[in-house]
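*Asks:* Coordinates for the following, if possible.
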Amino acid sequence: MGQISLSAVTKSFGDVNVIPPLDLQINDGEFVVFVGPSGCGKSTLLRLIAGLEDISSGKILIDGKDATDAAPAERGLAMVFQSYALYPHMSVRKNIAFPLKMAKLSQAEQDRKVENAARILNLSNYLDRRPGQLSGGQRQRVAIGRAIVREPAAFLFDEPLSNLDAALRVTMRQEISELHQTLKTTMVYVTHDQVEAMTMADKIVVLNAGRIEQVGSPLELYRSPRNLFVAGFIGSPKMNFITGAEAKKHNCDTLGVRPEHVEVQADGPWTGVVGLAEHLGSDTFLKVNVPGVGDLTVRVSGEMNLHHGDQVTLGPQSGKLYRFDANGMAL
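*Replies:* All right, here's what the predicted structure looks like:
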């Protein structure tokens, strides 16, 4: 079991209220990602769940039991940090076994659990090495292995991939997703990278200034953002926002259209000049200045041969415009 319920949870540091009253339900076996810009409260919220910070008010239930005042070790959760926090003088085997040794499990039980975790994480051939002899990705897997052997009700990940290079982040992203499918255990994952959120999550929690802006599946947030903040945060490159006369034509204060939903059209409504063309092979990203509309980011086929200074006529795909009111809420 790994059900986590937050009811009217708040957190203040002195006079500064960083988490206003917040309610959230995390279901057993879900992969939930907290995402938002730096300073939005996502890591603080994770630490409140872990018990590493005391909540100011409210209640936290883990598997139906009140864990509000429980010590971190009593919550049945395992946390994986941004820093690997491995013991450099110990072998991989001893690093993974450390929490089991502290729990005074028999050597036979320690060996069984360590070897099982190593098999799941493809670390069996590295158990006698020290952390200094491993790559960054392997060290992160050791840190995850140390969490696995505890057999927690839920795993808590605090930006675990931010120290890795881009290619390794992609690999580890896939490995953690596969680990979730193997273990079927609840995972709560913090990241500022919305690509990680979109590719890994069953459910995304978008946070802004400590408040939950929207909760939903990746596609729900992509297709139906409830406000300007979510619309601009989910999706890469970010949504284009158009104000002024062009928005008024559509009876709204702000008009939104994603770069992938803008097409080159012979008789489209927007004609502009390409300022920047980024050719990435499969895709080309254009920044097009359209008089009366502004700069539009456009995603087109990599085969489209457009360059700086070219004139181009654009239009939105049918049914792919988003409208927002004066308060930034979706219409």
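*Asks:* Buried residues in the longest helix seen in the chain, which are they?
*Replies:* Using DSSP state H to define each element, the chain has its longest helix at helix 166-183. Within helix 166-183, the residues scored as buried using 16 or more other Cβ atoms under 10 Å are 168-169, 172-173, 175-177, 179-180. In this view, the C-beta of every residue, glycine as well, is placed from N, C-alpha and C.
*Asks:* what are the pairing partners of the very next helix or strand once past that helix, and which direction each?
*Replies:* For helix 166-183, the following helix or strand on the C-terminal side (DSSP states H and E) is strand 186-191. Strand pairing for strand 186-191, using DSSP bridges, gives strand 31-35 (parallel), strand 154-158 (parallel).
*Asks:* Redo those as TSV? Include mean pLDDT.
*Replies:* Below are the strands paired with strand 186-191 laid out as TSV (pLDDT from 0 to 100):
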stretch	mean pLDDT
strand 31-35	97
strand 154-158	94
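*Asks:* before we move on, back to that, between strand 154-158 and the longest helix of the chain, find me the angle.
*Replies:* Per axes from the mean of the first three to the mean of the last three Cα atoms, to 10 degrees, the angle that helix 166-183 makes with strand 154-158 is 170 degrees.
*Asks:* follow-up on the earlier one: CSV for the buried residues of helix 166-183, including pLDDT?
*Replies:* Putting those into CSV (pLDDT from 0 to 100) gives the following:
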residue, pLDDT
L168, 82
R169, 86
M172, 86
R173, 90
E175, 89
I176, 90
S177, 93
L179, 89
H180, 94
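*Asks:* Go through these and say which is closest to Y126.
*Replies:* E175 (14.6 Å; Cβ to Cβ).
*Asks:* what residues are up against that closest one?
*Replies:* 121, 141 (Cβ atoms under 8 Å, 6 or more residues apart in numbering).
*Asks:* What distance do you get for it to L24?
*Replies:* Applying Cβ to Cβ, to the nearest Å, the value for E175 to L24 is 27 Å.
*Asks:* Same question for A73.
*Replies:* Distance from A73 to L24, by Cβ to Cβ: 23 Å.
*Asks:* which of those two has more neighbours?
*Replies:* Neighbour totals were compared for A73 and L24, and L24 leads with 19 against 12 (other Cβ atoms under 10 Å).
*Asks:* quick one: contacts for the closest residue to I148 other than its chain neighbours?
*Replies:* Nearest residue to I148, sequence neighbours excluded (Cβ to Cβ, 6 or more residues apart in numbering): A117, at 4.4 Å. Contact partners of A117, counting by Cβ under 8 Å, 6+ apart, are 96, 123, 145, 148-149.
*Asks:* Is T284 within a helix or a strand, and which one?
*Replies:* Secondary structure from DSSP H and E places T284 in strand 283-290.
*Asks:* tell me the domain ranges of the chain?
*Replies:* Domain ranges of the chain: 4-229, 237-324, per automatic domain parsing.
*Asks:* among these, which is the most enclosed?
*Replies:* For the domains of the chain, the largest average neighbour count (mean count of other Cβ atoms under 10 Å) is found in domain 4-229, namely a mean of 18.
*Asks:* could the domains of the chain go into CSV alongside distance to A330?
*Replies:* Putting the domains of the chain into CSV (distance: least, Cβ to Cβ, whole Å) gives the following:
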stretch, distance to A330
domain 4-229, 5
domain 237-324, 6
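*Asks:* Point out the one among those that comes closest to L331.
*Replies:* domain 237-324 (4.2 Å).
*Asks:* just how off-centre is the closest one within its chain?
*Replies:* With Cα atoms, centre = their mean, to the nearest Å as the basis, domain 237-324 stands 27 Å off its chain's centre.
*Asks:* that older thread, mind putting the strands paired with strand 186-191 into TSV with distance to M79?
*Replies:* Output for the strands paired with strand 186-191, formatted as TSV (distance: least, Cβ to Cβ, whole Å):
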stretch	distance to M79
strand 31-35	13
strand 154-158	4
